[in-house]
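# Provided below are the primary sequence and the corresponding predicted coordinates.
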Amino acid sequence: MAIARWLNRTVGFFVFFFLDIFDFLLCYTYKTLDYFYESEWKPCYCSSPPKAQAKTEKIIVSERGEYSKVVSMTRTKIHFDEISDTLYSRGPSLLTRLSKLVKSVKCFGLIMRRNVVESCDHHDHESKKKICNGNKKRLVTLNSTVVEKSPTTPRWSDCHCSFCSSWLSSSKKDSLFVKVQQPKDNKKARDNVVFIHGFLSSSAFWTESLFPNFSDSAKSNYRLIAVDLLGYGKSPKPNDSLYTLREHLEMIEKSVISRFKLKTFHIVAHSLGCVLALALAVKHPGAIKSLTLLAPPYYKVPKGVQAAQYVMRKVAPKNVWPPMQFGASLISWYEHLGRTVCLVLCKNHHLVESFTRLLTLNRMRTYLIEGFLCHTHNGSWHTLHNIIFGSGAKLESYLDHVRDHAHCDVTIFHGGKDEVIPVECSYSVQTKVPRATVHVIPDKDHITIVVGRQKEFARELELIWQRSSKTNYIIK
């Protein structure tokens with residue numbers, strides 16, 4: 001084991017060093033291509049916040065020197081949302097250290113020429129541009145108070161097919177795509193069940209696997225609601241969104257809870273969806289009848305450690321083995337490599353699906369591929385950092401709130417061979433919410449915990465709903 005671990009780290013050092021270089025080169029490649037196709041230099045997170053944001057509609061506001069908030073100002077409204085610091089700071093790579101050294105030299109040269117507004121070692125609080133050394137964050141004050149909102153049309157590197165761009169019709173821009181299975185024979189539903197999918201997925205994860213396998217009794221008594229999250233499937237994919245927790249919650253509340261006038265409901269959530277499910281339980285503690293979490297990404301953050309950075313290193317530890325960790329590291333640490341993956345696979349997802357059918361002689365259903373590839377890089381990148389990583393400091397308080405205020409059953413399922421989210425995460429949830437029940441399914445991973453055992457899992461869900469339904473609530 002020690003030799004294998006040493007080999008993994010050694011090989012990983014060289015692999016990720018070359019990936020650092022490749023991503024650095026891709027940064028300028030995409031800037032050139034963006035200008036060619038869209039006549040505009042598009043900012044990225046390789047730049048410091050002021051340089052990147054001064055050219056767009058988003059303005060960074062600093063609180064005590066920490067970039068934790070974003071103000072997005074338009075002619076109609078102001079958005080004030082939290083963002084993850086992992087977007088701009090993702091660890092001390094060799095290229096990062098080199099970049100900081102170059103910036104320090106440039107800063108020293110500016111000081112010698114007396115062309116800087118402030119020195120690199122001192123900050124004042126006037127409305128001037130502030131330039132700092134490579135180890136400190138920089139601030140800029142913009143004179144403009146109204147900034148035009150960028151268009152919502154797909155970017156050149158995104159897929160423009162009818163499926164991915166169906167949300168652009170005027171009637172679908174402001175709400176998520178929701179798949180609803182009503183009770184048979186126009187019968188009134190006794191209860192509602194909301195299904196929230198995970199990262200790089202869609203509502204098809206539930207509708208194609210679970211919905212057909214529920215018993216006739218369940219189909220007659222429950223209204224089953226599966227939603228495509230913001231940025232996924234047939235839901236809106238705005239390229240000016242930061243895909244923050246608040247944006248995701250507001251869209252779910254508007255598209256599901258308000259639209260269907262839900263007073264009480266059960267929640268079934270997978271992976272990323274568990275974060276949103278817990279946030280909903282905090283906002284609507286009296287409405288949740290049961291909470292079923294599959295592979296919740298809860299990492300207990302040690303005191304004094306930056307939560308988002310800690311979670312990112314747990315989810316994406318920069319290992320070349322196992323392959324799932326390498327893939328997670330690739331899309332978490334490298335913005336432009338991730339965009340390249342989306343350009344090659346997501347933009348051509350119809351070809352990938354056709355090729356898969358050809359290889360499997362049409363014996364394999366491709367709904368998982370559809371969910372995995374039907375998204376934009378902007379949506380997946382921001383959701384990964386702002387929800388999965390950025391929620392690292394919030395989940396503990398969410399679980400405390402669920403324990404003390406949400407009087408609902410909490411059931412957790414986890415695959416024994418899950419290489420994406422370790423089983424320890426589920427046990428950590430149980431330590432925070434002692435009434436939670438943990439079921440570890442042997443020989444199942446992050447996906448096969450549902451796919452491949454959908455009939456069994458459907459029966460398990462029905463039992464959970466029956467136990468938690470203390471009253472026969474009828475929807476009016």
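That came through fine. Numbers count the residues shown, from 1 in each chain.

# how close does residue 323 get to residue 236?
The span separating residue 323 from residue 236 equals 32 Å under the rule C-beta to C-beta, to the nearest Å. C-betas here are computed from N, CA, C, even on glycine.

# between these two, which has more neighbouring residues?
residue 236 (22 against 10; other C-beta atoms under 10 Å).

# and that one, which of the three is it?
When the structure is reduced to helix, strand and coil (DSSP: H, G, I helix; E, B strand; the rest coil), residue 236 reads as coil.

# the one 10 residues further on too?
Using three-state DSSP, the secondary structure recorded for residue 246 is helix.

# mind checking pLDDT for it?
Among the per-residue scores, residue 246 holds a pLDDT of 94.

# and if you look at the one 3 residues further on?
The predicted local distance difference test score for residue 249 is 96.

# try residue 367
Reading off the model, residue 367 has pLDDT 81.

# residues in contact with it?
Applying C-beta atoms under 8 Å, 6 or more residues apart in numbering, one finds that residue 367 lies in contact with 204-205, 208.

# show me what contacts residue 12?
Contacts of residue 12 were listed using C-beta under 8 Å, 6+ apart, and they are 318-320.

# ok, the closest residue to it other than its chain neighbours to residue 393 distance?
The spatial neighbour of residue 12 that comes closest, neighbours along the chain excluded (C-beta to C-beta, 6 or more residues apart in numbering), is residue 320 at 4.8 Å. For residue 320, the distance to residue 393 equals 29 Å [C-beta to C-beta].

# same check on residue 220?
In this structure, residue 220 and residue 393 are separated by 43 Å, where distance is defined by C-beta to C-beta.

# do residue 1 as well
For residue 1, the distance to residue 393 (C-beta to C-beta) stands at 33 Å.

# between the two, which is the more surrounded one?
When residue 1 and residue 393 are compared for neighbours, residue 393 comes out ahead with 18 against 5, by other C-beta under 10 Å.

# pLDDT wise, what is the nearest residue to that one once chain neighbours are set aside at?
For residue 393, the nearest residue in space outside its immediate sequence neighbours is residue 307; the separation is 3.6 Å by C-beta to C-beta, 6+ apart. Reading off the confidence values, residue 307 has pLDDT 92.

# likewise for residue 196?
As predicted, residue 196 sits at a pLDDT of 98.

# identify the bridge partners of it.
On the basis of DSSP bridges, residue 196 is bridged to residue 227, residue 269.

# what is the burial count for it?
Neighbour count of residue 196, defined by other C-beta under 10 Å: 29.

# and residue 39, by the same measure?
Counted with other C-beta under 10 Å, the neighbours of residue 39 add up to 7.

# ok, now the one 5 residues further on?
Around residue 44 sit 17 other residues, with neighbours defined as other C-beta under 10 Å.

# swap in residue 190?
Around residue 190 there are 17 other residues, counting by other C-beta under 10 Å.

# please report how far it lies from residue 292.
17 Å.

# quickly list the domain ranges of this structure.
The record assigns the chain these domain ranges, following automatic domain parsing: 56-150, 166-468.

# for residue 10, which of these is the nearest?
Proximity of these to residue 10 was assessed by C-beta to C-beta; the nearest stretch is domain 166-468, lying at 9.8 Å.

# off-centre distance for that closest one?
Centroid separation for domain 166-468 versus its chain: 10 Å, with C-alpha atoms, centre = their mean, to the nearest Å.

# first-to-last residue distance for it?
End-to-end distance for domain 166-468, by C-alpha to C-alpha, to the nearest Å: 38 Å.

# ok, now stretch 237-248?
Between the opening and closing residues of stretch 237-248 we find a distance of 12 Å, counting by C-alpha to C-alpha.

# next, the buried residues of that stretch.
Residues of stretch 237-248 classed as buried by neighbour count (16 or more other C-beta atoms under 10 Å): 237-239, 241-245, 247-248.

# where in the protein is pLDDT low?
Judged by pLDDT under 70, the chain has its weakly predicted residues at 47-81, 91-152, 170-172, 363-364, 470-476.

# do a quick rundown of the strands in it.
In the chain, strands defined by DSSP state E lie at 58-63, 66-73, 78-82, 178-181, 191-196, 222-227, 265-270, 288-294, 409-415, 437-441, listed in chain order.

# now for those, which one comes closest to residue 13?
Checking the strands of the chain against residue 13 by C-beta to C-beta gives strand 66-73 as the closest, at 29.0 Å.

# residues in contact with residue 408?
Taking C-beta under 8 Å, 6+ apart, we find residue 408 in contact with 281, 288-291, 402, 468.

# tell me which stretches of the stretch 251-400 of the chain form helices.
Read by DSSP state H, counting those that start in this stretch, the stretch 251-400 of the chain holds these helices, from start to end of the chain: 272-283, 307-315, 323-333, 335-341, 349-359, 367-373, 377-383, 395-405.

# center of the chain - which residue?
residue 383 (2.7 Å; C-alpha atoms, centre = their mean).

# now it, nearest residue through space, not along the chain?
Distance criterion C-beta to C-beta, 6+ apart; nearest residue to residue 383, sequence neighbours excluded, is residue 243 at 4.5 Å.
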